[in-house]
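K.L.:
build me a model from this:
(one chain, ligands or ions: 1)
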Amino acid sequence: MTEPQPATVSWAQPGNATAVADHIARVVNAPGRKRIAFTGGSTPIKVLSLLKDRPLDWSSVTIALTDDRCVPDDHPASNFGKIHAALGASGARFERLEEGAQVEPFDLVWLGMGEDGHVASLFPHMQAVVRPGPTVIATTPIPLPPEAPFDRLTLNRKALKASREIILVVTGASKKALLERVIAGDDGYPVADFLRGYGPPVTIYWSE
Ligand SMILES: O=C1O[C@H](COP(=O)(O)O)[C@@H](O)[C@H](O)[C@H]1O
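P.N.:
Reported below is the predicted structural model:
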């Protein structure tokens, strides 16, 4: 069994949506079957539209979600709805989040991050189900964020870290400043565990 390693962190240059799409395309084009976990929220929308227009063979790829809001697929806040709208016809297999399901390791986990440093639906303050192993858990942010006031399903930390690599895609000056604080030693945000704890290598893609 391999020993867990401290995460290594690097900043991609450039860090724009095209560079993120290039990174994901490299994973899609690698030989064999691949498992990729896709972030939700608003940051991935541009990347999804770029991926949708590329001539990639998705037939060997399973697309999972890092997390989702407990809403119907056709609700504007549904992460699955957005990703499925972009790539539902691509030939990829989609793996739904099911509370308590054990999760197989990933080739790539694509994370976003909220202004409060939450990743997937692991919030600084939340009600959460504790379960062993890499699995899907139910969480409720405290307080509920006004832009998405919903209960959530999310991969737990073990499932998110069971990956060859993580890419963390963020936009805007305030999120960059938060990441710099965390890298310098601030542990007060969920993202800190991914950047400074044990885990796979993390590449940060940042753009305005
Ligand atoms: O609720 C969520 O928020 C984060 C960040 O979203 P953004 O809109 O600020 O990009 C996202 O990474 C997570 O997957 C999502 O469900």
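
K.L.:
what pairs with the helix or strand harbouring Thr62, parallel or antiparallel?
P.N.:
Using DSSP states H and E, Thr62 sits within strand 61-65. Here strand 61-65 is paired, per DSSP bridges, with strand 34-38 (parallel), strand 93-94 (parallel).

K.L.:
what bits of the chain have low per-residue confidence?
P.N.:
For the chain, the stretches with pLDDT under 70 are 1.

K.L.:
show me what from it comes close to the ligand.
P.N.:
Within the chain, the positions adjacent to the ligand are 39-43, 66-67, 79, 112-114, 120-121, 148 by CB under 6 Å from any ligand atom. Glycine gets a C-beta too; all of them are placed from N, C-alpha and C.

K.L.:
can you list those in TSV and add secondary structure, neighbour count and distance to Arg33?
P.N.:
Output for the residues of the chain next to the ligand, formatted as TSV (DSSP: H, G, I helix; E, B strand; the rest coil; neighbours: other CB atoms under 10 Å; distance: CB to CB, whole Å):
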residue	secondary structure	neighbour count	distance to Arg33
Thr39	coil	22	21
Gly40	coil	25	23
Gly41	coil	22	27
Ser42	coil	11	30
Thr43	coil	22	27
Thr66	coil	25	19
Asp67	strand	26	23
Asn79	helix	26	23
Gly112	coil	23	25
Met113	coil	25	28
Gly114	coil	23	31
Ala120	coil	31	23
Ser121	coil	30	27
Ala148	coil	18	32
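
K.L.:
for these, which one is nearest Asp73?
P.N.:
Nearest to Asp73 among the residues of the chain next to the ligand is Asn79, at 9.7 Å by CB to CB.

K.L.:
show me what contacts that closest one?
P.N.:
Counting by CB atoms under 8 Å, 6 or more residues apart in numbering, Asn79 touches 38-41, 65, 67-69.

K.L.:
which strands and helices lie in contact with the next helix or strand after the strand holding Thr62?
P.N.:
Counting by DSSP H and E, the element after strand 61-65 in chain order, helix or strand, is strand 67-69. For strand 67-69, the packing partners by 3 or more CB pairs under 8 Å, 6 or more residues apart in numbering; DSSP states H and E come out as helix 79-87, strand 152-155.

K.L.:
alpha carbons of the first one, as CSV, please.
P.N.:
What follows is the C-alpha trace of helix 79-87 in CSV, where atoms were taken according to Å, rounded to 0.1, in the frame of the first residue of the first chain:
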residue,chain,number,x,y,z
ASN,A,79,-25.2,21.0,-11.3
PHE,A,80,-26.2,17.8,-13.0
GLY,A,81,-28.6,19.7,-15.3
LYS,A,82,-25.8,22.1,-16.5
ILE,A,83,-23.3,19.4,-17.1
HIS,A,84,-25.8,17.1,-18.8
ALA,A,85,-27.0,19.9,-21.0
ALA,A,86,-23.4,20.4,-22.2
LEU,A,87,-22.2,16.8,-22.5
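
K.L.:
in that helix, what counts as buried?
P.N.:
Residues of helix 79-87 classed as buried by neighbour count (16 or more other CB atoms under 10 Å): 79-84, 86-87.
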